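Undergrad: I'll drop the sequence and a predicted model, then ask my questions.
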Amino acid sequence: MRKSIKATNDLAPAQGGYEVLASVQTDVGCVREANEDSGRHVRPNDPALRQMKGALTIVADGMGGHASGEVASQMAVEIVSRVYYQAEDDSPTAALKHAVEEANRLIHAASLKDEKLRGMGTTCTALVLRGGFAHCAHVGDSRLYMLRGGEIYLLTEDHSAVMEMVKLGLITPEEARTHEDKNVILRALGTSPEVEVSVWGEPFAVREGDQYLLCSDGLYDLVRDEEIRRALVEAADAHAAGEELIALAKERGGHDNITVGIVGVVREGAGVVDAEDVRITRELEAVK
């Protein structure tokens, strides 16, 4: 059962001495010919930059056709990564919001310059862990979950037609899973010159042992929250959990591209994922 996050943010943040372990994997699924999802994890090698800006994880789900959706999602992860780490703003939330807004502007401009890219867009869910706190910027219906103390929490709200129906009491969350409009989203990067980016009013306190999961709808449309929770609890590591979740979505039809990014908070000295350690589903960039 999905839990409310309100009771979980009154804990003191994890103090220094923790590290971030991450795995970002994507799979074309069983039906689509192309993969329009993109994802990235960035953990700067430079200790000063890492302390100042933290670690960044992004999942983007492109739309607009075979070529343009892939272009939009790749632009999103590239621009958000670059702009966030170049931003001089000391607030990670403000810098992340600015980076997503800049990605929207540049994706929209690119769509106007090339007829083949006209109408392209992408979701974007981005997480920064810095100094014992988590920061998020979010557009569309990709999701961010957190596992804490064996319980799973949804930390984002879908910008979708069915979510609005749920909020109005017209349908239940369970009915939303199979509603004919479940893939209609109300916000996306690149579809208009400006976009409203959802951010948290205050950063979220990180605890040792937390796991954060970012995913496209290709996962959660077919895999329930309880199954996501179980995989995060029982898998040997983040990569194994991601593989298990992707395999489960594919067993149930894999009608869309599937992307899973898992970020774990561990005690310092546990080690971090290196690009050389990446294995293939395909697993995306572990950028340093």
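TA: Good, I have the coordinates.

Undergrad: list the helices and strands whatever helix or strand M75 lives in packs on?
TA: Here M75, judged by DSSP states H and E, is contained in helix 68-86. If you count contacts as 3 or more C-beta pairs under 8 Å, 6 or more residues apart in numbering; DSSP states H and E, helix 68-86 packs onto strand 37-42, helix 47-53, strand 55-63, helix 92-113, strand 121-122, strand 124-130. All C-beta spots, glycine's among them, are computed from the backbone N, C-alpha and C.

Undergrad: winner for burial among those?
TA: strand 121-122 (a mean of 30; mean count of other C-beta atoms under 10 Å).

Undergrad: what's the angle from the helix or strand hosting V263 to helix 68-86?
TA: Mapping V263 onto the secondary structure by DSSP H and E places it in strand 258-267. Angle, strand 258-267 to helix 68-86, by axes from the mean of the first three to the mean of the last three C-alpha atoms, to 10 degrees: 20 degrees.

Undergrad: strand 258-267 versus strand 124-130: what angle between them?
TA: Strand 258-267 and strand 124-130 are oriented at 10 degrees to each other (the same axes, to 10 degrees).

Undergrad: ok, the closest residue to G64 other than its chain neighbours - contacts?
TA: Nearest in space to G64, with sequence neighbours left out and distances taken as C-beta to C-beta, 6 or more residues apart in numbering, is M120 at 3.5 Å. Neighbouring residues of M120 by C-beta atoms under 8 Å, 6 or more residues apart in numbering: G62, M63, G64, G65, S68, G69, V71, A72, I107, A110, S111, G190.

Undergrad: out of these, which comes closest to H159?
TA: M63 (13.0 Å; C-beta to C-beta).

Undergrad: please name every helix or strand in contact with the strand holding V263.
TA: In this structure, strand 258-267 packs against strand 18-27, strand 37-42, strand 55-63, strand 124-130, strand 211-215, helix 217-220, helix 238-251, with contacts taken as 3+ C-beta pairs under 8 Å, 6+ apart.

Undergrad: what residue ranges in this protein score low on pLDDT?
TA: 1-17, 65-66, 269-288 (pLDDT under 70).

Undergrad: and the helices and strands packed on helix 68-86 as TSV, adding distance to R229?
TA: Shown next, in TSV, are those (distance: least, C-beta to C-beta, whole Å):
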stretch	distance to R229
strand 37-42	21
helix 47-53	29
strand 55-63	18
helix 92-113	26
strand 121-122	27
strand 124-130	18
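
Undergrad: nearest to S142, of those?
TA: Using C-beta to C-beta, the helices and strands packed on helix 68-86 put strand 124-130 closest to S142, at 4.2 Å.

Undergrad: using CSV, write down the CA coordinates of the closest one.
TA: This file holds the C-alpha atoms of strand 124-130, laid out as CSV (Å, rounded to 0.1, in the frame of the first residue of the first chain):
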residue,chain,number,x,y,z
CYS,A,124,11.4,14.8,-16.7
THR,A,125,11.8,13.7,-13.2
ALA,A,126,15.1,14.7,-11.5
LEU,A,127,16.4,14.0,-8.0
VAL,A,128,19.4,15.7,-6.3
LEU,A,129,20.9,14.3,-3.1
ARG,A,130,23.1,16.9,-1.4
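
Undergrad: immediately after it, which helix or strand?
TA: By DSSP H and E, the next helix or strand past strand 124-130 is strand 133-139.

Undergrad: ok, that next one: who's next to it in the sheet?
TA: Strand 133-139 pairs in its sheet with strand 124-130 (antiparallel), strand 198-199 (antiparallel), strand 204-205 (antiparallel), by DSSP bridges.

Undergrad: in contact with the residue located most distally from the centre of the chain, which residues?
TA: The C-alpha centroid of the chain is most remote from E115, which lies 28.7 Å away (C-alpha atoms, centre = their mean). Counting by C-beta under 8 Å, 6+ apart, E115 touches no other residue.

Undergrad: quick check: phi and psi on the residue nearest to G64?
TA: In terms of degrees, to the nearest 10, the main-chain angles of M120 are phi -70, psi 160.

Undergrad: and R32, by the same measure?
TA: Here the main-chain torsion angles of R32 (degrees, to the nearest 10) amount to phi -70, psi 150.

Undergrad: out of the helices and strands packed on strand 258-267, flag the one nearest E174.
TA: Across the helices and strands packed on strand 258-267 (criterion: C-beta to C-beta), the nearest stretch is helix 217-220, sitting at 13.2 Å.

Undergrad: from the contact counts, what lies against that closest one?
TA: helix 238-251, strand 258-267.

Undergrad: number of residues surrounding Y85?
TA: Residues near Y85, counting by other C-beta atoms under 10 Å, number 17.
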